[in-house]
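Enquirer: missing the sequence, but the structure's below:
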């Protein structure tokens, strides 16, 4: 029996509430920056996982009312295979 491992793609954090908060410049639904939303499909799986970690950190900071928000991943060179 051949055991091949197919990587599971990283799911987008989008919850269909696509509105930027002017105070934080973050999406009110998923906590991504505009660059992170725009570049999501170009990011590698590792970069997408990093964005997800940043989103969780931002969500926690905003819920707790204290702390610094994780910076944007910004524009990156695509690492996806062509």
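Expert: That came through fine. In this text, all values refer to a predicted model and were calculated from it rather than measured experimentally. Numbers count the residues shown, from 1 in each chain.

Enquirer: Check which helices and strands the helix or strand harbouring residue 46 is in contact with.
Expert: Per DSSP states H and E, residue 46 falls inside helix 45-64. Applying 3 or more Cβ pairs under 8 Å, 6 or more residues apart in numbering; DSSP states H and E, we find helix 45-64 packed against no helix or strand. C-beta here means a position set from N, CA and C on the backbone, and glycine is covered the same way.

Enquirer: Pull out the buried positions in it.
Expert: Within helix 45-64, the residues scored as buried using 16 or more other Cβ atoms under 10 Å are 47, 48, 50, 51, 52, 54, 55, 58, 61, 62.

Enquirer: Would you state the strands of this structure in chain order?
Expert: For the chain, applying DSSP state E gives strands covering 20-21, 26-27.

Enquirer: most tightly surrounded among those?
Expert: Highest mean neighbour count among the strands of the chain (mean count of other Cβ atoms under 10 Å): strand 26-27, with a mean of 24.

Enquirer: Give the burial count for the closest residue to residue 74 other than its chain neighbours, as a bare number.
Expert: The shortest distance from residue 74 to any non-neighbouring residue, by Cβ to Cβ, 6 or more residues apart in numbering, is to residue 35 (4.9 Å). Other residues near residue 35 come to 15 when the count uses other Cβ atoms under 10 Å.
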